[in-house]
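A.B. asks: Based on what follows, work out the 3D shape:
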Amino acid sequence: MAKSRSLPEDRLWAQYRELGWLEAPPVELAIVLEELGYVADPTPFLASATWFAPLAGRLPEGAGTAVCDGTGRFVLDADRADEVALVTGDGVVVVNGADLAAKRVDVFDPTLHVAHVEAQDLAKGVPDLALMGLAVTAVGSCRRILDLVVEHVKQRVQFGVPIGSFQAVKHKAADMYVAIERARALAYFSALTIAEDDAGRGRAALMAKAAAGECQRVVFAHGLQLFGAMGFTWENEVQVHLKRAKACDLL
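C.D. replies: This next block holds a predicted model:
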């Protein structure tokens, strides 16, 4: 992913499909999604693998997504999906993306496609895999933020020494690391329970999503602060990953 991240979005998507990553079982899928989070992947992989597939029971013909929270608002990749799985009062219905009224909305992460969908009789039925996918993607983004922060504080000199030598900076970095490891452990635990179809998979998915949300709040605050006044600017890569981690929490 590090070698191919500069490729056009359509070539990335074709490469992921060719490598068979969409067919990965839950634990291996979590590994892929964590690394996709690390590079702020712009493709519809997350929605296709963890929103559409678990509801439709198959992979999409092209890209896919799902409307599963009962509202039809802020649906990931709904504006560009070839197939959309709708959770309705009568069960899951798969429709062609072109036949669905979906309007893309502007969000703070410009690499994400998010849209409002107009459909009737929507019901709530969020897959455990969708929660796990968002959680482990956020973990990947947070890992990237921490790596960028550590690299920066080793190089940024103040009062004649790198700021990474200051105790307050070390404590913030340590807090980020602990939060990431906790969220990562719960995300992979969720993937394991899904793989084994364990009775506790629903609670494990909720725990993973909650832990990832808490993690990104710590990492967002400390990551932004340790980059000083540069952390939110377009000239700095860290803002991309801050936005992705926050989006994973909000979705």
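A.B. asks: can you pull out the helices in this protein?
C.D. replies: Secondary structure of the chain (DSSP state H): helices located at 9-18, 26-38, 45-47, 53-56, 128-155, 167-195, 201-226, 238-250.
A.B. asks: and the gap between the residue nearest to Met230 when sequence neighbours are not counted and Ala115?
C.D. replies: Excluding its sequence neighbours, the residue lying closest to Met230 (Cβ to Cβ, 6 or more residues apart in numbering) is Asn236, at 4.9 Å. Where you see a C-beta, it was placed from the backbone N, CA and C, and this is true even at glycine. Per Cβ to Cβ, to the nearest Å, Asn236 is found 28 Å from Ala115.
A.B. asks: Who has more neighbours out of the two?
C.D. replies: The neighbour comparison of Asn236 against Ala115 (other Cβ atoms under 10 Å) goes to Ala115, with 23 against 15.
A.B. asks: What residues does that one make contact with?
C.D. replies: Residues near Ala115 by Cβ atoms under 8 Å, 6 or more residues apart in numbering: 74-75, 77-79, 102-105.
A.B. asks: could you redo the last one with a cut-off of 6 Å?
C.D. replies: The contact partners of Ala115, by Cβ atoms under 6 Å, 6 or more residues apart in numbering, come to 75, 78-79, 102-104.
A.B. asks: Can you give me the separation between it and Gln158?
C.D. replies: Shown here: Ala115 relative to Gln158, a distance of 44 Å by Cβ to Cβ.
A.B. asks: Ala101 now?
C.D. replies: Computed as Cβ to Cβ, the Ala101 to Gln158 distance reads 54 Å.
A.B. asks: Please apply the same query to Ser4.
C.D. replies: When Ser4 is compared with Gln158 (using Cβ to Cβ), they lie 37 Å apart.
A.B. asks: tell me which residues in stretch 51-62 are buried?
C.D. replies: 51-56, 60 (16 or more other Cβ atoms under 10 Å).
A.B. asks: Show me the two of the residues you listed that sit farthest apart.
C.D. replies: The most widely separated members of these, counting by Cβ to Cβ, are Pro54 and Pro60 (11.7 Å).
A.B. asks: Give the burial count for the nearest residue to Leu55 once chain neighbours are set aside, as a bare number.
C.D. replies: Spatial nearest neighbour of Leu55, chain neighbours left out: Ala85 (4.2 Å); criterion: Cβ to Cβ, 6+ apart. Neighbours of Ala85 under the rule other Cβ under 10 Å: 26.
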